[in-house]
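Asks: Model the structure of this input:
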Amino acid sequence: MIRTAVFPRRYVQGRGALAQFGMEAAKLGSRVFGLCDTFALDQVSARLGLVDGVSLDLQGFTGHCTRPELDAVIASMRAANADVVAAFGGGSVIDVGRAAAAELKLPFMSVATIAASDAPVSGISILYDDKGVMLGRINVRNPDVVIVDTALIVEAPVRFFIAGIGDGLATWYEADSCRRAFAGNVAKEQGAALAHATAQLCRDTILRCGRQAVADCAAHLATPDVEAVLEATVLMSGVGFESGGVAAAHGIHNGMTEIAGTRPYLHGEKVAFGLLASLFLSERPDEMRRELFSFCADVGLPVRLHQIGFDVTNKADLQLVGERTCKPGSNIHNEPFDVSPQDIVIALQAADRYGVAFEK
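Replies: Numbering: from 1, shown residues only. Down below sits the predicted model:
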């Protein structure tokens, strides 16, 4: 049995971490092409530390990770004669920058301006069509450097931080399913023990510190609780999901991208409900369900389907999600038992009914 674990090459987190950008870039090259979420351009520019010998061509980006957008960015990078690629933003910007850097075989720096998912440390870019439907993933490589400036993260709307908690919360439950099923991780091999321990620490940190961290982040305070949860949702979750594997929560998320009403909602919000629904695919202790539903409600994650734009009474949509979730190659098949489209429909309905008692 081959076991694997994957990691970013270097991870830097803390208040003022962006001031180290130039020093980190200098280790990789001298001509940096930077792709930055347009909404964060001013904030990034004000904090960015550059050093002699390193130039930065920083361009705004407002698109998504689609093939046309990716091709356009690659053309711009070639024109700039860059020898390092940096992406500043959330999942969409980072996915495009990571995929472009891999195609050009250039070092990649991932700089998070929000913490809505574990995308900053990942070696995967998710490709969508122009309607927002997930087409698949591009396995590239993990970043050479990840920078997470906590002072910048807490300036963003707290909804992004909460979504990151939703994405990270699923990490251990999915990695544990993969472990029990002997299912592969993103490298299609067994996860190392370190991956599963990291995923468990991720879950424990989120459940222990998450409520206070959300309150602090909403007040724009970069407290120790925020630092702990941020490390869990970005670094631990990234290592945990790639090295441990993903299963039902992300499988259900992917199915829900077929429903137009869910598309305005964040990845982590939908993954969180996917996790809650997965608790009804097999027997689970009621205390586990209560713990997770209560936590999600307290931090502002969805506990009802209507909270992510899904009408639970729409039988056609339920069936579509069930079929999409269970298509060949789906993450749902990493569960240690068979799952049918009808199982998904029932689990979504059951989770929605269970969530009534916790809805705020």
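
Asks: residues near Ala228, how many?
Replies: A count of neighbours around Ala228, defined by other C-beta atoms under 10 Å, yields 17. From N, CA and C alone the C-beta is placed, and that goes for glycine too.

Asks: OK, contacts around it?
Replies: 205, 209, 213 (C-beta atoms under 8 Å, 6 or more residues apart in numbering).

Asks: same deal with Thr198?
Replies: 236, 239-240, 243-244.

Asks: Now for Arg9: which residues touch it?
Replies: Taking C-beta under 8 Å, 6+ apart as the criterion, Arg9 is in contact with 142-145.

Asks: Ala19: neighbour count?
Replies: Residue neighbour count, defined by other C-beta under 10 Å, stands at 14 for Ala19.

Asks: Tell me how many other residues crowd the closest residue to Val339 other than its chain neighbours.
Replies: Nearest residue to Val339 in three dimensions, chain neighbours excluded: Ile332, at 5.1 Å (C-beta to C-beta, 6 or more residues apart in numbering). Using other C-beta under 10 Å, Ile332 is surrounded by 30 other residues.

Asks: Enumerate every residue touching Ile332.
Replies: By C-beta under 8 Å, 6+ apart, the neighbours of Ile332 are 247-248, 251-252, 325-326, 339, 344.

Asks: how much space between the residue lying closest to Gly91 once chain neighbours are set aside and Met77?
Replies: Counting by C-beta to C-beta, 6+ apart, the nearest residue to Gly91 once its immediate chain neighbours are dropped is Ala119, at 3.9 Å. Relative to Met77, Ala119 is positioned 19 Å away (C-beta to C-beta, to the nearest Å).

Asks: Looking at those two, which one has more neighbours?
Replies: Ala119 (29 against 23).

Asks: Return the list of helices and strands in contact with the lowest-mean-pLDDT helix or strand in the chain.
Replies: Per-element confidence for the chain was summarised using mean pLDDT, DSSP states H and E. The lowest value among helices and strands belongs to strand 134-139, with a mean of 74. Packed against strand 134-139, as judged by 3 or more C-beta pairs under 8 Å, 6 or more residues apart in numbering; DSSP states H and E, are the following elements: strand 124-128.

Asks: what's in contact with the strand it packs on?
Replies: Strand 124-128 is contacted by residues 64-67, 70, 91, 95-96, 98-99, 134-140, 186, 242 when judged by C-beta under 8 Å, 6+ apart.

Asks: Mind putting the contacts of Ile332 into a markdown table with neighbour count, distance to Gly22 and pLDDT?
Replies: Listed next are the contacts of Ile332 as a markdown table, based on neighbours: other C-beta atoms under 10 Å; distance: C-beta to C-beta, whole Å; pLDDT from 0 to 100:
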| residue | neighbour count | distance to Gly22 | pLDDT |
| --- | --- | --- | --- |
| Ala247 | 31 | 40 | 97 |
| Ala248 | 29 | 43 | 98 |
| Gly251 | 25 | 41 | 97 |
| Ile252 | 32 | 42 | 98 |
| Thr325 | 30 | 45 | 98 |
| Cys326 | 20 | 48 | 98 |
| Val339 | 23 | 49 | 98 |
| Ile344 | 28 | 48 | 98 |
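
Asks: For Leu104, state which of these is nearest.
Replies: Of all the contacts of Ile332, Leu104 sits closest to Gly251, with 31.9 Å by C-beta to C-beta.

Asks: what about Cys146, neighbour count?
Replies: Slight slip there: residue 146 is Val, not Cys. The number of residues packed near Val146 is 27, by other C-beta under 10 Å.

Asks: and the residue nearest to Ala357 when sequence neighbours are not counted, what does it touch?
Replies: Computed as C-beta to C-beta, 6+ apart, the closest residue to Ala357 that is not its neighbour in sequence is Phe293, at 7.8 Å. Remark: with contacts taken as C-beta under 8 Å, 6+ apart, Phe293 is in contact with 276, 303, 354-355, 357-358.

Asks: Of those, which belong to strands?
Replies: Among the contacts of Phe293, no member is found in strands (DSSP state E).

Asks: Switch the residues you listed over to a markdown table; also include pLDDT, neighbour count and distance to Ser30.
Replies: As requested, the contacts of Phe293 are arranged in a markdown table below (pLDDT from 0 to 100; neighbours: other C-beta atoms under 10 Å; distance: C-beta to C-beta, whole Å):
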| residue | pLDDT | neighbour count | distance to Ser30 |
| --- | --- | --- | --- |
| Leu276 | 98 | 31 | 48 |
| Val303 | 98 | 24 | 50 |
| Tyr354 | 98 | 19 | 56 |
| Gly355 | 98 | 22 | 53 |
| Ala357 | 98 | 11 | 58 |
| Phe358 | 98 | 18 | 53 |
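
Asks: Need the distance between the two termini of stretch 152-164.
Replies: This stretch, stretch 152-164, spans 15 Å end to end (C-alpha to C-alpha, to the nearest Å).
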